[in-house]
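Trainee: Fold the following for me, if possible:
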Amino acid sequence: MPSKSIDRIRNLGIVAHIDAGKTTTTERILFFTGITHRMGEVHDGKAVMDFMKQEQERGITITSAAISTQWRDHQINIIDTPGHIDFTLEVERSLRVLDGIVMVFCSVGGVEPQSETVWHQADRYKVPRIAFINKMDRQGADFFNTIQMMDDMLGANPVAFQVPIGAEDMFRGIVDLVTLEAWDYDDASLTMRTIPIPEDMQEIVSNHRDKLLETLADFDPVIMEKYLEGRPVLADEIRQAARRAILNLCITPVFCGSSFKNKGVRLLLNAVIDYLPSPIDRGAIVGHDVRDPDQFITRKPSLNQPFCGMAFKIINDPYVGQQNFVRVYSGELQAGSYIINASTGKKERVGRILRIHANERMDVDVLGAGDIGAVIGLKGARTGHTLCDEGQELLLETIHYPETVVDVSIEPDNRKDWDRLSVALGKMALEDPSLRVHFDDETSETIISGMGELHLEIVVDRLRTEHKVEARMGAPSVAYRETISREYRHTERFKKQTGGKGQFAQIEFRIEPNTGEGVAFVDLVKGGNIPREYIPAVEEGFRDSMARGLVAGFPMIDVKFVLIDGAAHSVDSSEMAFRTCAEQALRTVIHKAAPRLLEPIMKIEINTPDEFMGDIIGDINRRRGKIEHMRRHRKGSQKLTGTVPLREMFGYANTLRNISSGRANYSMEYLRYDPLPESIATDVIETAREKKKFH
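Mentor: Numbers count the residues shown, from 1 in each chain. Below you'll find the model as predicted:
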């Protein structure tokens, strides 16, 4: 691809709360850009982007799907992401490599829980975005209320770039506030025509055009001068000023339509080209020098730079094997070439390169700067790994993984299928880093951990349909964590004589709380009292102990291990001795560091008619939860937001249905880990120990 074409690439994500219309919007984009010749629908299981069997059966997006298309001589690489909170990692890793997003809102529901989550994920990666208020044809649609919610709940600084002509069953068109053109759609909405702005909308259009110009005047001196002097502002001047403001995350332009009725999608595509960034707009990426982490290296989005890319997703395809989705930031990635995985230091050979059309694929010879494609042949590349030309290595910021909150045991229906189950779970965990798999030696159980009950149900369903392994899950349980609340210093000596060569290791260390910072190891040993080759063994013993847990077998988090000093024997010391010493020391001292059990706390949002509000709040209080905010959702209904322990929420859907006669709904997402009350913690620890003792 010629270098000048990089500015004609748009790496675009379609993101939103579940059921806001992301996949339908993407399907319409594919139709209008000529990729498909019939419109796939989510409700009939024919959507191109929802190609997994589980997606088609449930009518939801589970895995992010990638596709390339063309519009106005621009290449658009689209990633359609899930909206359900159980699959939030799919959104996270997509946002890590995208240049811009279209945030889809339902005009009836407005800003919903997952909308907020995705918005803050995009904030973390500083991704420019535009908003599309969908379902303007639905009963209860309110364009301006949704804009107000964006301002109040997201701090999005939303600015209407369009206003709808009508709403609900009277929604028939759109007025563009930039060009002051009105667009009307035929019954099938496959053709659109310009019409005069309706008389009854002249004042609304004038007011919102003034708001648009007034907002842009804060960011552009030309518009400010013309606006203050009352001179006309050209459409191109508005676009240029708006583009700069959007790329700097100063404003969020708002568009509208009804994807299901094919209204507003082509204008949205124009907005993607006009306002969202190219790889060149996003600028250079910065990484750490692998040889000196304190040094930074820059790579510009140019074909003349050394190759640098990130593997952000893995798919195990039954026909072509493992595919690594790669975003290329600089240089070129060529089929048949050798590259370095900077995250592991290993050399990899690039086999085939594919451009993906959902579940279809097309071979290409090269991916250039700014491109996204799938690579076959990378053996050791994992999600978040940095790929580079040999001798030009750097490490990019990796991808944030959310904490798992639900554990279940799993076993095959047929005892002969244990090996096949293990292989299948290994492949799935490789694809999905939010799925954790481990074998509990004490209970002889295989445990899978995930983001929620639906997440783990999908895992079992995929085992059956994709890997042909019938498996059954145990009852879901809370994924507790352990930590400490007090600093403690200790010296441990490990000495064992067995007749031949003995074992000797001595370490002096302290453990201390590391709240919110995860598990950390710090080496302060001076003077070579512990030979350097044994330090990694101490760290390995510490980290393994943390992963297995020291109180009730739950992984420990937020603990720092500071190695201060120690001693070694010239003959009897070994890596194994120092590792064993660290493990033994931690078992000895853990109860002196005031260990605590932690439980996952969920953010909950409930939409309920007014008459059920008191009963619902009372029920949440009985579950040790707390409603923190109440706000009017629609006439006659409230939106309640608060926190509640996950432990208390299994089976809540049935309870809420009974309390509200089926008229209330809720959603939850992981928020944080908090200390478990002492009385409950004692029961949890005893139960965990009894289970291990029984086995």
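Trainee: looking at the chain, which helix or strand does the model trust least?
Mentor: Here the helix or strand of the chain ranked lowest by mean pLDDT, DSSP states H and E is helix 53-58, holding a mean of 40.
Trainee: Show me what the helix or strand that that helix is followed by is packed up against.
Mentor: Where DSSP states H and E defines the elements, the next helix or strand beyond helix 53-58 is strand 65-71. Applying 3 or more C-beta pairs under 8 Å, 6 or more residues apart in numbering; DSSP states H and E, one finds that strand 65-71 makes contact with helix 22-32, strand 74-80, helix 265-275, strand 352-357, strand 372-376. To be clear about C-beta, it is placed using only N, CA and C from the backbone, and glycine gets the same treatment.
Trainee: check contacts around residue 426.
Mentor: residue 437 (C-beta atoms under 8 Å, 6 or more residues apart in numbering).
Trainee: measure it to residue 460 for me?
Mentor: 15 Å (C-beta to C-beta, to the nearest Å).
Trainee: do residue 276 as well
Mentor: Distance from residue 276 to residue 460, by C-beta to C-beta: 38 Å.
Trainee: what about the two, which has more around it?
Mentor: residue 276 (25 against 17; other C-beta atoms under 10 Å).
Trainee: Could you verify my assumption that the more buried one touches residue 242?
Mentor: No: using C-beta atoms under 8 Å, residue 276 is not in contact with residue 242, being 11.2 Å away.
Trainee: and residue 224, how many neighbours does it have?
Mentor: Residue 224 has 16 neighbouring residues, counting by other C-beta under 10 Å.
Trainee: Kindly confirm my reading that it is in a strand.
Mentor: No: the assignment for residue 224 (DSSP: H, G, I helix; E, B strand; the rest coil) gives helix, which keeps it out of a strand.
Trainee: Could you pull up the contacting residues of it?
Mentor: Contacts here follow C-beta under 8 Å, 6+ apart; on that basis residue 224 touches 217, 218.
Trainee: can you give me the strands for the stretch 51-200 of the chain?
Mentor: 65-71, 74-80, 100-106, 129-134, 158-160, 162-165, 173-176, 181-185, 192-195 (DSSP state E, counting those that start in this stretch).
Trainee: Following the chain onward from the last one, which element is next?
Mentor: Okay, so that is strand 192-195. That would be, after strand 192-195 and using DSSP H and E, helix 202-217.
Trainee: buried ones in that next one?
Mentor: Under the neighbour-count criterion of 16 or more other C-beta atoms under 10 Å, helix 202-217 has 204, 205, 208, 209, 212, 213, 215, 216, 217 buried.
Trainee: what's the spacing between that helix and its chain's center?
Mentor: 35 Å (C-alpha atoms, centre = their mean, to the nearest Å).
Trainee: swap in stretch 305-313?
Mentor: The answer for stretch 305-313 is 19 Å, by C-alpha atoms, centre = their mean.
Trainee: Name the residues that touch it?
Mentor: Taking contacts as C-beta under 8 Å, 6+ apart, the residues outside stretch 305-313 that touch it are 64, 93-94, 96-97, 285, 287, 299, 324-333, 339, 367, 369, 375, 378, 381-389, 392, 394, 396, 399, 431.
Trainee: dump the residue contacts of the most centrally placed residue in the chain.
Mentor: The centroid of the chain falls nearest to residue 92 when counting by C-alpha atoms, centre = their mean (2.1 Å). Applying C-beta under 8 Å, 6+ apart, one finds that residue 92 lies in contact with 121, 399, 400, 401, 402.
Trainee: On the three-state scheme, the last one is what?
Mentor: So the one you mean is residue 402. At residue 402, secondary structure determined by three-state DSSP is coil.
Trainee: Let the chain start at 21 from now.
Mentor: Got it, first residue is 21 now, which makes that one residue 422.
Trainee: and it, how many neighbours does it have?
Mentor: Other residues within reach of residue 422, judged by other C-beta under 10 Å, total 14.
Trainee: Now do the buried residues in stretch 345-363.
Mentor: The neighbour-count check on stretch 345-363 (16+ other C-beta under 10 Å) flags 345-355, 359-363 as buried.
Trainee: In strands, which of the residues you listed appear?
Mentor: Counting by DSSP state E, the part of the buried residues of stretch 345-363 found in strands is 345, 346, 347, 348, 349, 350, 352, 353, 354, 359, 360, 361.
Trainee: Kind regards, and thank you for your time.
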